[in-house]
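Engineer: pasting the structure only:
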């Protein structure tokens with residue numbers, strides 16, 4: 001299973017607000033040879049670490065592709081750039097954020113580090129992941145998503161968006 005985290009907390013000119021951005025990103029991935037097989041419900045979440053940035057729209061998608069992990073990460077970065085993302089500093093507000101969370105059961109210590117090194121600490125990743133793939137297990141810890149959610153640090157405000 002290949003999992004990608006999707007987030008946005010800024011509008012993108014010509015695209016719209018964060019909900020429009022994440023929907024357009026799914027279409028953009030398909031144009032890059034990355035099929036979106038399943039999409040979690042979307043969540044509204046406070047920035048982590050806490051800041052005065054706008055809140056995010058976050059979700060997780062399961063994708064299918066023939067690309068290897070480094071090539072997929074390059075595609076994710078290219079799609080982010082097409083939506084105006086310029087990487088200047090960590091945790092800055094962004095129109096689109098695409099994170100390679102897991103690539104099957106691969107464990108890598110070099111780029112792209114897999115699984116994503118902070119996925120087990122982030123409610124905005126784990127809650128949509130629990131909805132999308134409740135049987136998924138962290139390839140390093142062996143923990144299932146429900147256990148990872150139970151171990152989350154307190155104080156992360158994440159709310160499911162009902163359509």
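Structural biologist: Now that the structure is in, tell me what you want to look at. Keep in mind that this is a model prediction, so the values were computed, not measured. Numbers count the residues shown, from 1 in each chain.
Engineer: The residue nearest to residue 105 when sequence neighbours are not counted: what's it in contact with?
Structural biologist: Closest residue in space to residue 105, ignoring its immediate chain neighbours: residue 139 at 4.4 Å, by Cβ to Cβ, 6 or more residues apart in numbering. From N, CA and C alone the C-beta is placed, and that goes for glycine too. Contacts for residue 139 (Cβ atoms under 8 Å, 6 or more residues apart in numbering) come out as 102, 105, 106, 107, 114, 115.
Engineer: Most neighbours of all those residues, which one?
Structural biologist: Counting neighbours by other Cβ atoms under 10 Å, residue 102 leads the contacts of residue 139 with 25 neighbours.
Engineer: Now do the longest strand seen in the chain, average pLDDT.
Structural biologist: Secondary structure assigned by DSSP state E gives strand 56-64 as the longest strand of the chain. When pLDDT is averaged along strand 56-64, the result is 97.
Engineer: ok now that strand, how far from the chain's centre?
Structural biologist: Relative to the mean C-alpha coordinate of its chain, strand 56-64 is positioned 5 Å out (Cα atoms, centre = their mean, to the nearest Å).
Engineer: Ramachandran angles for residue 73?
Structural biologist: Dihedral angles of residue 73 (phi, psi; degrees, to the nearest 10) stand at phi -60, psi -40.
Engineer: Over to residue 4?
Structural biologist: When read as degrees, to the nearest 10, the backbone of residue 4 gives phi -130, psi 130.
Engineer: what's the neighbour count on it?
Structural biologist: 25.
Engineer: What of the one 4 residues further on?
Structural biologist: Applying other Cβ under 10 Å, we find 30 residues neighbouring residue 8.
Engineer: Equivalent analysis for residue 14, please.
Structural biologist: So residue 14, with other Cβ under 10 Å, has 9 neighbours.
Engineer: With residue 23 instead?
Structural biologist: Neighbours of residue 23 using other Cβ under 10 Å come to 17.
Engineer: Check which helices and strands the helix or strand hosting it sits against.
Structural biologist: Assigned by DSSP states H and E, residue 23 falls within helix 18-30. Counting by 3 or more Cβ pairs under 8 Å, 6 or more residues apart in numbering; DSSP states H and E, the packing neighbours recorded for helix 18-30 are strand 2-8, strand 35-39, strand 56-64, helix 69-82.
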